[in-house]
Each structure stands twice: as C-alpha cells, then as structure tokens.
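>>> quick one, what's the 3D model for this:
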Amino acid sequence: MRKSRSWIAGVVLALVWTGAARSAQPAAWLGAPDHLAEGIDYFRSVDRSLVNPPGPVAVYLLRLDASRIRLTSVHAHDEIMGLETVDSIAARYRAVAAVNGGFFNVTNGDPQFVLKEAGELVSDTSVVKGAVIIRSPPRGRTELDFDQLSARMKLKFKAAGRNWVVPIGGIDTTRARGKLMLYNRRYHADTDTAANGVEWVVSGRPLKITSVRRNLGRTPIPADGAVLSFGGLDLPEALAALLPGVQVSFEIGWATLNGLSARRLNAADDVVSGAGLLRLKRRVFTNWLTVENLSPQNFINMRHPRTLIGVDARGAIWLAAIDGRQPDYSVGMTFAELETLCDRLQLTDALNLDGGGSTTMVVKGKIVNKPSEPTGPRPVSDAILAILR
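So this is what the prediction gives:
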C-alpha cells in the first residue's frame with residue numbers, strides 16, 4: 001500500500017512539474033527582462049519560431065503595469081500636420097518608453113484616420129479602422145478599450161428661427177473647397193489657409209461666434225475655442241445664418257462595430273487608429289478585408305515591420321516593435337505571425353498600429369530596434385508614450 005501511494009504521489013508530482021514547465025515556456029522564449037522602473041519591463045526576443053517558416057526575427061517588447069504608468073498619445077511638435085522622430089517626442093515629455101502610433105501622410109504628417117489626443121478629436125473620418133481607446137488619469141489605473149470605429153463631427157446651432165446641423169468636412173486638415181472644416185488650438189497658431197474662403201472664430205463658454213472673416217485666411221485660433229473655415233465665398237443657407245453672437249456646439253458621431261459606447265469614447269483621453277484589430281476580449285479577428293479594407297496580398301499576408309499594442313490576461317499592457325525588411329536580421333511578420341505573438345503573450349486584446357518604416361521603440365531615450373528606413377528613423381505624426389506616475 002505504501003509503495004502504491006508513493007508511486008501515485010510520484011506520478012502526481014511529475015504531472016505538476018510538467019505543467020509548471022509548460023506554463024514557463026513563454027518566459028523561456030522571452031528571456032529575463034530588463035527592469036526599467038517599477039512596473040516597466042523590457043524584453044527582446046530573436047526566437048525564430050515566431051515566424052513560419054522559421055527565420056530571423058527581432059522582437060522588442062515592453063510590459064507595463066497599468067497602475068504605475070500613464071499612456072498618452074502625443075503629436076509631433078505638439079501641432080497637427082507635423083513630423084518628428086519618436087525619440088524626440090519621448091524626450092520632450094520625459095517618457096520612459098514610447099512607440100510610434102497611428103497612420104499618417106508621410107509628406108506633411110496629416111493623420112489618416114480617427115485620432116483623439118488630450119481629450120480632443122483632431123482627426124475624423126468615415127473610414128472604419130481598428131483603434132485603441134486610452135483612459136489614463138493622473139492617478140489611478142490606465143484603461144484600454146479596443147474596437148473598430150469611425151467618427152464624424154457635426155456643427156449644431158440655432159439661428160433665424162431654425163435648428164441647423166452642418167457636417168464638418170474635416171478636422172485640422174487641408175481645407176477642401178465647398179466644405180466646412182474645423183481647426184482647433186492643437187492645429188497651429190492659425191488656420192494656415194488661403195484667402196478664398198470664409199472663417200468664423202468660435203470662443204467662450206458657451207461657445208459663440210465672435211467674428212466672421214471673409215476672404216482673408218490664416219485666422220488666429222483662440223486658446224478657448226476654434227475656427228470654422230469654408231472653402232469658397234458662396235455660402236450655403238445654413239452657413240449664411242452663422243453670424244456673430246450665435247451660440248454653437250459640436251457633436252461627435254461615433255460608429256463602432258463591436259459595441260463600445262459613445263460615452264466611453266467621449267470620456268477617453270486618447271483614441272489612436274491602427275489597421276487590423278487582432279483580438280478583442282479573447283475573440284480572434286479575421287475580418288480585416290471586409291471591415292477595414294486591408295489588402296491580403298500587400299498588407300495582411302506580407303511580412304512587414306509591425307508595431308502592436310495589447311493587454312494580457314493579467315491586465316498588463318504590452319507594446320511591441322517587430323523589425324522587418326532586413327532578411328539577414330529580421331524578416332518582419334504577417335498578421336498570422338502577429339497572432340502567434342499574441343498567443344505567446346496571452347493577449348486578450350490587441351491592435352496592429354502603423355508599421356513599416358515607422359516602426360520604432362524608444363527605451364530610456366534611445367531607439368532600441370532597427371527601423372527599416374535606410375536614412376534612419378522615420379519622423380512620424382504621433383507617438384504613444386509611457387510615462388511614470
């Protein structure tokens with residue numbers, strides 16, 4: 001009987017050790033972290049099995065304790081339509097770490113999709129893309145939501161005995177003829193527009209039209225308001241009624257595909273669009289072609305440098321930079337290989353951010369990965385910063 005019990009105990013102990021070894025496997029491929037600060041760990045992996053077929057790959061990872069860091073999206077030079085390297089943005093804010101953020105026009109830094117920074121929507125679009133929604137108060141815990149979404153701004157006001165709703169044609173971007181644009185204080189000191197248009201200065205609490213400038217351009221943007229700008233001098237009926245003293249309001253029309261509420265989006269500090277929501281609440285996504293209009297041939301199934309943000313089963317936030325386009329060093333990843341990385345990290349939620357030549361990770365002021373641009377790190381429009389509380 002004793003021998004039998006001893007044999008059973010041995011089997012149980014062996015099974016326990018086997019399970020422990022299996023659970024330790026992810027740590028083995030990651031290796032020991034560098035502890036940058038309390039709650040911030042940095043890893044580097046060159047595990048060839050992360051890509052299929054196995055090959056050279058370099059992955060840089062940050063694990064962040066959501067209770068010890070603030071996460072925030074910051075724009076190049078603190079102005080829309082600008083470009084700056086990630087390490088320069090991180091240095092200005094004394095961030096302990098940073099990665100590049102959303103997609104943008106590489107010639108002028110104009111954000112391509114939805115972007116909200118410091119509580120203010122600075123880029124809107126009807127194009128649906130995966131996005132990370134950040135709420136990171138000065139005290140407390142950083143919270144991330146994920147969804148596939150779009151957003152459009154509307155102007156609302158009452159004048160001439162009528163209630164008017166006018167769609168905004170774009171926020172903090174180049175003015176289009178025949179459309180009403182909105183420029184807020186994060187854009188620039190002025191609207192940077194040509195004379196052939198009409199511009200309304202909006203300021204105060206509540207917001208009111210304080211002046212109308214016709215055929216002048218370059219209207220200064222007030223610190224407590226914004227400027228509306230119409231391309232052209234022949235105004236539609238609604239805008240002709242927009243006179244000094246009229247009270248106005250702005251409303252964001254959010255459209256989400258996976259149930260995130262407008263309340264959460266309006267309360268968010270930052271919203272950064274990527275291209276490819278990989279998983280949400282443990283659900284693995286594959287609808288990138290039909291929903292986000294991503295090309296299987298050139299984007300989904302082709303290896304590229306990638307930047308990723310996600311949350312694991314324990315609530316830790318992960319930032320990842322995967323180098324690519326350097327065959328002897330790192331080949332990059334397809335979306336299927338990004339999913340392998342998500343599995344290894346046990347991510348419940350994950351989003352593919354801008355990548356390619358933009359992929360950059362900064363740790364304690366230094367770029368740790370090897371960006372694929374031959375001229376060096378690519379200046380970007382915005383970066384996601386990790387700042388110690």
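>>> give me the neighbour count for residue 389.
16 (other C-beta atoms under 10 Å). Using the backbone N, CA and C atoms, a C-beta is placed for each residue, glycine as well.
>>> pretty sure residue 222 sits against residue 205.
No. The pair residue 222 and residue 205 fails to qualify as a contact (C-beta atoms under 8 Å) at a distance of 11.9 Å.
>>> quick one, which of those two is more surrounded?
A direct count of neighbours by other C-beta under 10 Å for residue 222 and residue 205 places residue 222 higher, at 16 against 7.
>>> what's the pLDDT at the more buried one?
Listed pLDDT for residue 222 reads 97.
>>> the residue most central in space within the chain in helix, strand or coil?
Of all residues in the chain, the one closest to the mean position by C-alpha atoms, centre = their mean is residue 272, 2.4 Å from it. Three-state assignment for residue 272 (DSSP: H, G, I helix; E, B strand; the rest coil): strand.
>>> so what's it bridging to?
residue 115, residue 132 (DSSP bridges).
>>> one more: residue 351?
Here residue 351, judged by DSSP bridges, has bridge partners residue 277, residue 309.
>>> ditto for residue 228
Taking DSSP bridges as the rule, residue 228 bridges to residue 182, residue 200.
>>> so it is in contact with residue 199, correct?
Yes. Assessed by C-beta under 8 Å, residue 228 is found in contact with residue 199 at 6.7 Å.
>>> all the helices of the protein, in order from the start?
2-30, 86-92, 237-240, 262-267, 288-292, 335-345 (DSSP state H).
>>> could you pull out the strands for the stretch 101-250 of the chain?
In the stretch 101-250 of the chain, the strands defined using DSSP state E, counting those that start in this stretch lie at 115-117, 120-123, 125-135, 143-159, 162-167, 170-171, 180-184, 197-203, 208-214, 226-231, 248-256.
>>> which outside residues touch the second one?
Surrounding strand 120-123, the residues in contact under the criterion C-beta atoms under 8 Å, 6 or more residues apart in numbering are 75, 80, 110-116, 151, 153, 171-173, 184, 186-187, 252, 271.
>>> buried stuff in it?
Neighbour counts over strand 120-123 (16 or more other C-beta atoms under 10 Å) mark 121-123 as buried.
>>> tell me who's in contact with the residue nearest to the centre of the chain.
Each residue near residue 272 by C-beta under 8 Å, 6+ apart is listed here: 73, 101-102, 115-116, 131-132, 134, 353, 382, 384.
>>> returning to that earlier point: please identify the deepest-packed of the strands of the stretch 101-250 of the chain.
strand 115-117 (a mean of 26; mean count of other C-beta atoms under 10 Å).
>>> what's it packed up against?
Judged by 3 or more C-beta pairs under 8 Å, 6 or more residues apart in numbering; DSSP states H and E, strand 115-117 is in contact with strand 69-75, strand 120-123, strand 270-273.
>>> partners of the second one, with directions?
The one in question is strand 120-123. Sheet pairing here is set by DSSP bridges, and for strand 120-123 it gives strand 115-117 (antiparallel).
>>> pull the distance from the partner strand to the chain's centre.
Mean-position distance between strand 115-117 and its chain equals 8 Å (C-alpha atoms, centre = their mean, to the nearest Å).
>>> quick one: residues in contact with it.
For strand 115-117, using C-beta under 8 Å, 6+ apart, the contacting residues are 72-75, 102, 121-123, 186, 265, 268-273, 382.
>>> low-confidence regions, this protein specifically.
1-27 (pLDDT under 70).
>>> for residue 94, which non-adjacent residue is closest in space?
residue 387 (7.2 Å; C-beta to C-beta, 6 or more residues apart in numbering).
>>> sorry, back to before: so can I have JSON lines of the strands of the stretch 101-250 of the chain showing distance to residue 309?
Listed next are the strands of the stretch 101-250 of the chain as JSON lines, based on distance: least, C-beta to C-beta, whole Å:
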{"stretch": "strand 115-117", "distance to residue 309": "14"}
{"stretch": "strand 120-123", "distance to residue 309": "18"}
{"stretch": "strand 125-135", "distance to residue 309": "5"}
{"stretch": "strand 143-159", "distance to residue 309": "8"}
{"stretch": "strand 162-167", "distance to residue 309": "31"}
{"stretch": "strand 170-171", "distance to residue 309": "23"}
{"stretch": "strand 180-184", "distance to residue 309": "25"}
{"stretch": "strand 197-203", "distance to residue 309": "34"}
{"stretch": "strand 208-214", "distance to residue 309": "39"}
{"stretch": "strand 226-231", "distance to residue 309": "30"}
{"stretch": "strand 248-256", "distance to residue 309": "18"}
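>>> which of those strands sits closest to residue 378?
strand 115-117 (17.7 Å; C-beta to C-beta).
>>> can you list the domain ranges for the chain.
Domain assignment for the chain by automatic domain parsing gives 27-147+259-388, 153-252.
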